[in-house]
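> Below is the structure, and that's it, no one-letter string:
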């Protein structure tokens, strides 16, 4: 990561241990991170301040509501937001976790909160467009079903 990190603008990684989290500091121009693993204080602490979009999918059994409170993920996310230029935070609701607290933090700081429900990205046409990317989060075509889910999440009917 030391050599390619400074050239990355978008990164999608499946998992990262706390010991490996330090490698994120080499990504000095990173604008988008899509992370498919349990989020931790160490990872949030190492995120570069340059992110426009952070997407977290903690995994089905990787994190429980108790773990969110024990590891104080909400406070860590708040600290990251305060020092960053984050525009959009996406939480993939994959494991029965409450998203209310994350939504409240995002609203407080004027950050767009997105909640993806399963099956995410599996509806026809829901894929990033191929081609040059000029902003993050990347444009994604959404199905009518996804629009209904996102509207329900925004209105709080999924709580």
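Great, that's in hand. Everything quoted here is computed from the prediction, not taken from an experiment.

> Please enumerate the helices of the chain.
41-46, 65-70, 73-83, 100-108, 144-154 (DSSP state H).

> average pLDDT for the fourth one?
Confidence over helix 100-108, taken as the mean pLDDT, stands at 86.

> Buried ones in it, by neighbour count?
101-103, 105-106 (16 or more other Cβ atoms under 10 Å). All C-beta atoms are positioned from the backbone trio N, CA, C, and that covers glycine.

> Just checking, which helix or strand of the protein averages the lowest pLDDT?
helix 65-70 (a mean of 58; mean pLDDT, DSSP states H and E).

> could you dump the buried residues of helix 100-108 to JSON lines with distance to residue 55?
Shown next, in JSON lines, are the buried residues of helix 100-108 (distance: Cβ to Cβ, whole Å):
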{"residue": "101", "distance to residue 55": "17"}
{"residue": "102", "distance to residue 55": "12"}
{"residue": "103", "distance to residue 55": "15"}
{"residue": "105", "distance to residue 55": "15"}
{"residue": "106", "distance to residue 55": "13"}
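
> can you tell me which two in the residues you listed are farthest apart?
Across these, the longest distance by Cβ to Cβ is 9.8 Å; it joins 101 and 106.

> Residue 1: which of the helices of the chain is closest?
Distance to residue 1, taken as Cβ to Cβ, is lowest for helix 41-46 among these, at 11.0 Å.
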